[in-house]
Each structure stands twice: as structure tokens, then as C-alpha cells.
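>>> Below are the sequence and a predicted model for it; my questions follow.
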Amino acid sequence: PFHYNLLMKAFSRAGNPDEVLRLFREMKESKCDPNVLCYTTVMDALVAANRSEEAENVFEQMIDSGVTPDAASFTVLVKFYSFYLKRFDSAYEIIRWMVRSGCDPDVVTYSTLITGLCWAGMVEEAWGVLDQMLQGKCAPNAHSYTPFLEAYCSQGKIEAAMRLMESMRSIGCPPDAVAYNILINGLCKHGYFDVVAHLLQNSVSDGWEPDAVTYNTYISRLCKVGRSGDAFKQLEIMLEKKLCPTIVTLNIVLDSICRESTVWEGNHLLERRLELGLDVDVVSYNTIMSRLCEIGKLSWVLKLFNDMFKKGISPNTETCNILIHSLCKAGNFRKAKCIFTSKGFFADIVTCNILIHEFYKAGKIDELHNLLSGMDMENIRPDTVTFNTIIDCLCRNGKFLEAIDFVRSVEDGYP
RNA sequence: CAUUUCCUGAGUCUCUUAA
């Protein structure tokens, strides 16, 4: 069981839930009874792949086979109810169940719920959970506060975020590099690059040390506002500080090069990756394929996809979305559908938005309706992009009355 | 039975869709 768990954990980290499931089956067939840790590993792998129904099944299996869940396994349930399904009533229900069964929720459980609530924009509710936590004599840590920082920053409430940083200090949870990274991301997003420069200068006296993520954040944001020259200066500083660039750093630079100069130069960087001591990953390929998709080079996209496969890098949902988009743009709906319906691929809302747009453009209204009802069955919830796409397409086709009806029909259900 | 070690859960950065 230990060794199986180690293996499963490795595949889970590599983002390969199917292999995790295969090992899990193999384990049970070889009469090696999984323990709580194994069940939790499997559940977490499934949740990370947004396959929560299957995770729920595994939890039930665990109960049925008489294995007692611990705080960690319950927390995985809280995680998928709050992070993915946003069903907070169910998350609270899990916590009540924990208390009833004598397995008290700990700081991780509460922090998970707080994170989910903050991501959903329910900041007030989240403060309530923090109170509940304090009443339950469970001491909060940095994980309990940073979700609030993130929420404030994304709402543009920079002042509130700064004030929270100060209170963290006085409460005895001084902000760490992660907290500063969240703040820096928020500051960059709202254009306060000068404030970021100051924070970096004062880091020693403020008691924190910038890490690779700090610079990745700063560099990426500078690139996004077209200041790639300044971004490269920061990359130099990062290297001078002996901070090792990560694969994310490489991907940020790659993205900037592909957008600003040519895909060709981006590809060139890929070939020189070894000099940096970094190996490319699925995101590197997605970055290039996406730019190729943009300029309509289907055959190049397919070639890179093959290269990627040969290197043993598994495609993720983004990869498949780029492929589907490229195929549709080239009018090859048949192949696109092949990917869409292939097992092992789990469509998300982005996949559906791409198809909705392409079906409209191609006038494939029947296909469109099939897709919409399929989304309903698969529980894929439309987002703002879905609605904007539909409205935009209706208007472009001159169907203004239909567009107006549509807006009215979704007015209350607008996400 | 105790003790020690190993294996499970939470926060920040990069890629995909509309305008």
C-alpha cells in the first residue's frame, strides 16, 4: 500500500488521473487493501482533474469497505464542493458531518473553505468561517488569510489588501513571500508598477525575501502591458540574485517572444532550452500552438502536437481546446468532433465556448443545439463568455430580436 | 503498548474561448 501510494501520488502530481485509477484497480485486484492515504490520493487526483463525481464514488467506496475517513479525506470533499462545484451548503454539511463523527475540522479544512468562498467572491461569508474557526479554538495561519488578500486584489481594493497585510503582522501571522506575491500581482494588474518596485527595494526591512514566483509575476505583468524591455531587465536582476528561473519563467518569456516577434523565434528558444537547464512542458507547447492557431497554421499545430507526443508529454484540456479550435478554423469539424467525443478527454466550458462560436460561424445550428443540451446533461455551466458569444453571433447575423429575447431569458441567471 | 521514520488534504506566477 505504501508503494502503491507513492506511485499514485507521482502520477497524480504529473496530472495523470487515469494512471492513478489504473493503479488503484490493480491494487485492489492484487488483494492489497487500500488505506485512508490511498483513498485520499485517488480522490485528490480526480478532484484536481475536475472529475468530482468519480471522487465522490471513491469516497463512498472507502466508507463501504470499512475504512474510516480522516480530516485529510474529508478536506478533499470540502475542496471539490467549494473549489469546483461552488456548492457551499454541501461543504458546510461535510464539516458538520466531521464534527458529528468525532473528526474535528482542522486549520486546513477551514482554510480550504475560506479559499473557495473567496474565489467565489463571497468574502463576508469567508470572514464568518474565520470566526467559526476561532470559536472552535483552531488557530489560523497564513493560508487562512491570503485568500482574503487575493479577493481584495482582484476586486481592485488595494487599500484593503494593504491594511490586511498590516493586521496580519499584528495578529502574529506576518505576511510571507506568498502574501507579498499576491499583493504584487494585484498591484501590477492595476498598473501600480512603481509601488511594486518599492516593495522589492524594501523587502529586507519588511522581513521577506522575493522568490522566483515574485519575479515571474512581475515579469509576466510587464510583458502583458507591452513593457518587455523592462521585463527583461527584471529577468537579469532575478539571475543576479541567484534565483533560478523556473519552467514558468521560460514559458512567460516564450509567450512574450511569440506574441511580440515571431513564432519562429519562439521555436528557436525552445531549441535552446537545454542551455537554461530547463525542459519544456505542456504549457510551452500550448503557448506556441496557440499562436500558430491564431494565424491559421493548422499543419504546424499538428506537427508540434506530434512532437509533444513523441517527447512523452501528455496533452491537457488546454492542448485539446487549441487543437479543436485549430481544426474548426480550418473547417475540419469532423476531426474536432473526434477529439471532443474521445474518452479520456473531459470538455470544459472553454471547449464549449469555442464550439458554440465556430458552429455559429459555420451556420451549423443543429449541431449547436445538440451541444447546448449536451452541456446541460454534463453539468457544464455557461459563463459570461458563453453569453457574450451567443449574443454577439446573433447580432452579427442580424437576429436582433432573438438576441433581445435571449438577454431577457438569461437576465437573472447571468453569472 | 510506547516511541521514531516514510506515504494523504489548503494560499501566489505562465498557455486555451467572446467582446
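That came through fine. Residues are numbered from 1 along each chain as shown, chains lettered A, B, ... in the order given.

>>> In which helix or strand does A:Y152 reside?
helix A:142-154 (DSSP states H and E).

>>> What helices and strands are in contact with the next helix or strand after that helix?
Next along the chain after helix A:142-154, taking DSSP H and E as the criterion, comes helix A:158-171. Secondary-structure packing of helix A:158-171 (3 or more Cβ pairs under 8 Å, 6 or more residues apart in numbering; DSSP states H and E): helix A:142-154, helix A:177-189. (C-beta placed from N, C-alpha, C; glycine too.)

>>> what would the ones you listed look like in CSV with mean pLDDT, distance to A:I257 and mean neighbour count?
As requested, these are exported to CSV (pLDDT from 0 to 100; distance: least, Cβ to Cβ, whole Å; neighbours: other Cβ atoms under 10 Å):
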stretch, mean pLDDT, distance to A:I257, mean neighbour count
helix A:142-154, 93, 28, 21
helix A:177-189, 94, 20, 22
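
>>> Name the residue closest to the centre of chain A, please.
In chain A, the residue lying closest to the centroid (Cα atoms, centre = their mean) is A:A48, at 9.1 Å.

>>> What separation do you get for it and A:V20?
10 Å (Cβ to Cβ, to the nearest Å).

>>> Now do the shared contacts for those two.
Common contacts of A:A48 and A:V20, defined by Cβ atoms under 8 Å, 6 or more residues apart in numbering, comprise A:S12.

>>> Give me the nearest residue to A:L85, chain neighbours excluded.
A:S52 (6.2 Å; Cβ to Cβ, 6 or more residues apart in numbering).

>>> which stretches of chain A have low pLDDT?
A:262-278, A:411-415 (pLDDT under 70).

>>> Report the contact partners of A:K364.
Counting by Cβ under 8 Å, 6+ apart, A:K364 has contacts A:F333.

>>> next one: A:S144
Residues near A:S144 by Cβ under 8 Å, 6+ apart: A:V107, A:Y110, A:S111, A:I114, A:L130, A:M133, A:C173.

>>> And the fifth one, how close does it get to A:K86?
I take that to be A:L130. A:L130 is 19 Å from A:K86, by Cβ to Cβ.

>>> Let me have the helices and strands packed on helix A:158-171 in a markdown table, extended by distance to RNA strand B.
A markdown table is the format used below for those (distance: least, Cβ to the nearest atom of the strand, whole Å):
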| stretch | distance to RNA strand B |
| --- | --- |
| helix A:142-154 | 3 |
| helix A:177-189 | 3 |
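
>>> Okay then, goodbye and thanks.
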